[in-house]
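Asks: The amino acid sequence is not available; the structure is as follows:
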Ligand SMILES: [Zn+2]
């Protein structure tokens with residue numbers, strides 16, 4: 001699947017969190033759905049004969065079943081009423097052999113006893129029991145071969161996404177058993193035989209090809225060819241009022257299901273969409289040496305789909321809006337569309353043909369899908385600086401978690417699929433791709449391709465772990481890949497690497513920032529050696545505690561040594577003093593945009609480690625911006641500047657620098673050639689403006705008394721301006737909010753604004769009451785609204801007044817996790833803490849953590865991640 005497309009950090013928020021602060025909106029939707037088992041009882045995980053299985057799908061249960069069950073096949077039929085409120089009626093015949101007759105058989109099914117109409121086995125009624133999330137079949141009813149459990153049931157709607165004119169399944173990661181009885185784990189692959197009974201006039205699609213289509217009265221009965229072996233999370237069907245477009249490419253037929261009513265829009269997009277699928281498929285067949293194995297190839301464009309896409313073999317589901325583009329689509333949107341299609345198509349091999357054993361390795365299929373997609377798509381977009389894009393979209397967010405005391409390994413233990421949501425975050429989405437790129441550098445592209453071909457062939461239609469792949473690749477290199485993988489994948493954190501120029505050589509000394517571990521990382525680096533007029537890149541492999549690089553003969557003595565040259569090396573770098581001094585002066589003179597990007601990322605980390613003063617960082621930014629013409633770098637710098645301004649400067653430093661900052665942003669606004677660049681500058685201005693003149697300008701723009709040439713401000717921009725004016729306590733604050741409220745044409749945006757307004761009130765009692773209202777889960781249902789309100793409540797300009805909300809917010813976190821979407825705890829903490837930098841607030845967080853003895857480890861990590869910049873800023877500012 002593909003989460004929301006990665007975006008560069010935008011300084012649009014009232015105070016941007018660090019560049020890593022962005023979230024994963026699409027995953028939220030997925031992971032929220034995993035929360036159904038919130039109150040699950042914590043029982044010992046071993047399944048003795050008499051103990052009922054725990055709720056959800058535990059690793060112990062999954063292992064036990066994977067050892068016993070063989071030759072698994074599901075014969076499923078569903079009768080889908082036109083009316084979304086009426087239940088879907090289902091029948092499942094589950095056929096299998098088992099090697100274990102010593103214990104009862106546990107099936108997964110969440111809707112409960114009331115939804116089970118009958119269960120029979122071998123034609124006789126079963127004495128089954130329904131417990132939470134499961135159906136238990138007595139062992140006496142089982143045979144070692146040819147078992148057929150026949151279950152009639154009312155399907156649960158939790159994963160059926162039922163809408164007035166259509167429905168679609170979304171079973172990843174373990175949500176099939178919300179709808180029908182099954183073994184809901186990735187390593188029990190089965191053949192699926194499906195029959196659907198749908199209203200007349202509906203279309204339907206599933207993994208297999210349609211083999212039978214019989215209209216009867218006002219209904220239609222459709223059968224599908226038996227599938228290849230699939231895990232439950234890849235089984236899918238959709239039914240409803242869809243249009244179908246068909247095309248042939250290289251002898252293969254493709255079908256596109258959609259609900260788009262704009263005929264021209266479909267016409268404009270469809271050939272390109274078919275082409276992108278065909279070229280991705282063709283590329284992957286060549287790369288892997290394995291033909292596409294899932295028969296027919298359809299895809300379904302679903303309005304407001306939870307993710308960018310989901311890789312059901314034979315029937316990929318996409319979010320319609322990212323595939324059918326408007327005429328005004330930017331190159332970036334085209335690149336994202338091509339990447340999404342290549343990503344999902346790559347999954348046909350990585351994830352679908354070979355599947356992870358357990359969801360602890362879900363990162364693996366995602367990272368390979370991205371990796372392949374980049375190879376497939378990037379060459380077609382030569383105007384984009386792909387290396388810079390990779391650097392800026394991966395390193396800052398990965399560092400934002402990996403530098404904190406709350407970080408975790410890429411590969412984490414997962415005891416129950418109910419908790420699968422806790423695996424997702426920056427480490428999987430941002431650090432894992434960096435690690436994979438390292439792996440390719442270490443092995444070389446050809447050997448990696450050979451290894452992947454062998455791995456896909458060996459495990460096709462089966463399951464494999466990360467370690468299975470590493471074993472295959474280990475034969476292809478002298479490096480100890482197991483040790484490499486241990487440091488990068490199984491352990492948390494990043495190496496601390498110090499560079500020093502020592503005569504004719506440069507030393508790179510690494511250490512483990514985690515006490516008592518002494519881990520050593522191996523990585524490929526490109527060291528940039530330069531002077532003010534020239535620079536050269538020298539490859540280096542960092543190994544062990546100390547690695548030396550001889551300065552190549554013929555090169556002048558470097559004035560700077562950049563270990564992160566090429567945007568490749570990963571770690572916490574301590575530059576040598578001369579280099580740091582040079583870069584703080586000369587960064588704007590560096591010719592290569594990728595080098596500049598790498599220097600910015602490195603200097604920001606140096607600032608957080610207190611080797612660069614925040615005021616110097618801001619000063620450098622203001623000198624560099626007028627000369628920076630690469631939009632990706634402008635976005636990065638503006639995001640850093642806003643973060644430094646609010647978080648790391650003292651109040652008097654802020655007052656001193658404000659006029660220069662606003663001047664720089666306004667001239668950037670004037671100078672910017674594209675509307676997206678103008679919008680980037682304007683957002684940064686809006687979020688950092690503090691001088692009376694600057695605020696007056698913002699107010700004139702909001703009042704439509706002044707226009708910004710080349711920039712069209714839409715309703716959401718006006719709303720943000722109104723809120724930013726209010727939080728600055730302008731004299732007309734209350735009237736501005738009221739007027740803005742009256743301006744809305746869009747009712748959803750108006751409702752959101754009305755929800756947020758009290759958090760901006762001049763009156764403390766109103767703000768208190770707003771915060772108090774969040775204790776009621778009903779008032780937290782619209783999470784983005786809550787987060788926007790919290791950000792303004794805790795705005796740096798009001799931080800002192802908001803300190804008192806911090807402890808109650810921490811106290812609420814356990815409940816927030818229990819009742820909210822999966823990413824809500826992280827975002828709740830970020831919105832609460834990102835406006836603060838005081839010693840008192842830092843102490844409040846530390847006290848809370850010290851007092852909570854048996855606090856859930858995953859929540860502790862979330863707090864430590866969110867509080868990292870607060871801790872650093874408070875220490876820095878109180879040290880003076
Ligand atoms: Zn994916």
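Replies: Arrived safely, thanks for sending. None of the values given here were measured: they were computed from a predicted structure.
Asks: CA atoms for contacts and neighbours, from now on please.
Replies: Noted.
Asks: now stretch 417-428, how far from the chain's geometric center?
Replies: When C-alpha coordinates are averaged (CA atoms, centre = their mean, to the nearest Å), stretch 417-428 and its chain have centres 10 Å apart.
Asks: That one - what's its average pLDDT?
Replies: For stretch 417-428, the mean per-residue pLDDT is 84.
Asks: Could you do stretch 490-510 as well?
Replies: Averaged across stretch 490-510, pLDDT comes to 96.
Asks: So what touches it?
Replies: Contact with stretch 490-510 is made by 402-403, 407-412, 511-514, 520-521, 542, 544-551, 561, 563, 570-576, as judged by CA atoms under 8 Å, 6 or more residues apart in numbering.
Asks: Helices - which of these land there?
Replies: residue 402 (DSSP state H).
Asks: Would you list the buried entries among the contacts of stretch 490-510?
Replies: Buried members of those, counted by 16 or more other CA atoms under 10 Å: 402-403, 407-412, 511-513, 520-521, 542, 545, 548-549, 551, 561, 563, 570-575.
Asks: and those residues, which of them are in strands?
Replies: Applying DSSP state E to the buried ones among the contacts of stretch 490-510, the entries found in strands are 511, 542, 548-549, 561, 563, 572-574.
Asks: which one of those sits closest to the ion?
Replies: Closest approach between those and the ion, by CA to the ion: residue 572, at 29.2 Å.
Asks: List the beta-bridge partners for the residue nearest to the closest one when sequence neighbours are not counted.
Replies: Spatial nearest neighbour of residue 572, chain neighbours left out: residue 496 (4.6 Å); criterion: CA to CA, 6 or more residues apart in numbering. As for beta bridges, residue 496 partners with residue 511, residue 572 under DSSP bridges.
Asks: so who does residue 716 touch?
Replies: Residues near residue 716 by CA under 8 Å, 6+ apart: residue 749.
Asks: element containing it, please.
Replies: In this assignment (DSSP states H and E), residue 716 forms part of helix 715-727.
Asks: what pLDDT, on average, does whichever helix or strand comes after that helix get?
Replies: Using DSSP H and E, the helix or strand that follows helix 715-727 towards the C-terminus is helix 733-743. Helix 733-743 shows an average pLDDT of 97 in the prediction.
Asks: Name the residues of helix 733-743 that are buried.
Replies: Residues 733-734, 736-737, 740-741 are the ones in helix 733-743 that count as buried (16+ other CA under 10 Å).
Asks: same question, stretch 413-433
Replies: 414-421, 423-433.
Asks: can you give me how far that stretch is from the chain middle?
Replies: When C-alpha coordinates are averaged (CA atoms, centre = their mean), stretch 413-433 and its chain have centres 10 Å apart.
Asks: how about it, does it reach the ion?
Replies: No. Residues of stretch 413-433 are not located near the ion by CA under 5 Å from the ion, the shortest gap being 10.4 Å.
Asks: check contacts around residue 538.
Replies: If you count contacts by CA under 8 Å, 6+ apart, residue 538 has them with 526-529.
Asks: when you check the ion, which of the residues you listed turn up near it?
Replies: Applying CA under 5 Å from the ion to those, one finds that nothing falls near the ion.
Asks: What about those residues, which are in helices?
Replies: The helices, defined by DSSP H, take in nothing from those.
Asks: what sits against residue 641?
Replies: 617-618, 621.
Asks: right, I mislabeled it, should have said residue 573
Replies: Residue 573 makes contact with 496-499, 563, 602, 605-606, according to CA under 8 Å, 6+ apart.
Asks: any idea which of those residues has the most stuff around it?
Replies: Counting neighbours by other CA atoms under 10 Å, residue 563 leads the contacts of residue 573 with 30 neighbours.
Asks: wait, doesn't that one sit right on residue 570?
Replies: No. Residue 563 is beyond contact range of residue 570, at 9.4 Å (criterion: CA atoms under 8 Å).
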